[in-house]
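[1] Model the structure of this input:
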Amino acid sequence: MQLAKIFISRNVLVTFVNTDFNHQRLNPESSNKIRFESFSDGLPPDHGRTLKLPELCQSLLKHVPPNVERIVENLKHSAINVPPISLIVADGVLSFTQQIADKYGIPRIAFWTPSACGFSAYFHTPLLMDEGYIPIKEVRLKDLPTFLTVKDSSDFMFQYLKNEAQNTLQASLALLNTFDDIEGPVLRDLNIKLSGKVLSIGPLLLSAGDTTVNTNIWKEELGALIGWTDREYRQ
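    Modelled structure (predicted):
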């Protein structure tokens, strides 16, 4: 949502597509700058979702593609005073949107929220496997993202993220929520691997501008945060 706010601040009309579950947590209101579309992720309301990521990803792979294509098709035939779709920005782990983008002749941007180092690890997973570092043997676990620290390379999330990172090669551009001052060498290396299609756009939290659109799907508990920082400071 923070990325959407940046587009809004530059007078770009945004259609924000989400699952019903996340949409209800955001509780947003459409305006002349942003409109919202949502659909079922195929899971019951009491499903753990982020606590059961393999099940969530498998359900998204089944339910998201036809719903997103339906939304794109509907937007093509919306009111005449609405500009045509000119760009699809999708989470980096939803590369199926490339097929939709190709079908309608629309560029796709892959937006990765991890650090450049994290994305680089996912992108270089085939190399890490070829060199024998994965499945894990003696590499320190802190050197790799958690989903890559597997002892069985057939693990669903491992394969899913490895493939999604490689599918970034098909995108018109890869956006990373980071900035050159802290990850410049990694960004330069990734730009070599991805033919100059990597752009750092972070930190989004400081760049999103001031709008009334809520950006959090989780309730903020400032009291708990302040209590935690007070305890840490006293220690």
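[2] I'd assumed Gln99 was in a helix, is it?
    Yes - the assignment for Gln99 by DSSP: H, G, I helix; E, B strand; the rest coil puts it in a helix.
[3] which element is the closest residue to it other than its chain neighbours on?
    Closest residue to Gln99 apart from its sequence neighbours, by C-beta to C-beta, 6 or more residues apart in numbering: Pro65 at 7.5 Å. C-beta: built from backbone N, CA, C; applies to glycine. In this assignment (DSSP states H and E), Pro65 forms part of helix 53-76.
[4] list the helices and strands that helix packs on?
    Secondary-structure packing of helix 53-76 (3 or more C-beta pairs under 8 Å, 6 or more residues apart in numbering; DSSP states H and E): strand 14-19, strand 34-39, helix 97-104, helix 156-167.
[5] Check the offset of the first one from the chain's centre.
    When distances are taken as C-alpha atoms, centre = their mean, to the nearest Å, strand 14-19 is centred 13 Å away from the chain's centroid.
[6] List the buried residues for the following helix or strand past it?
    Using DSSP H and E, the helix or strand that directly follows strand 14-19 along the chain is helix 20-26. Residues Phe21, His23, Leu26 are the ones in helix 20-26 that count as buried (16 or more other C-beta atoms under 10 Å).
[7] The second one contacts Ser38, doesn't it?
    When you say that, I think you mean His23. Yes - with contact defined as C-beta atoms under 8 Å, His23 reaches Ser38; the gap is 3.7 Å.
[8] For Thr97, grab the count of nearby residues.
    The local packing of Thr97 (other C-beta atoms under 10 Å) involves 24 other residues.
[9] in this structure, which segments are predicted with low confidence?
    By pLDDT under 70, the low-scoring segments of the chain are 79-80, 138-142, 206-235.
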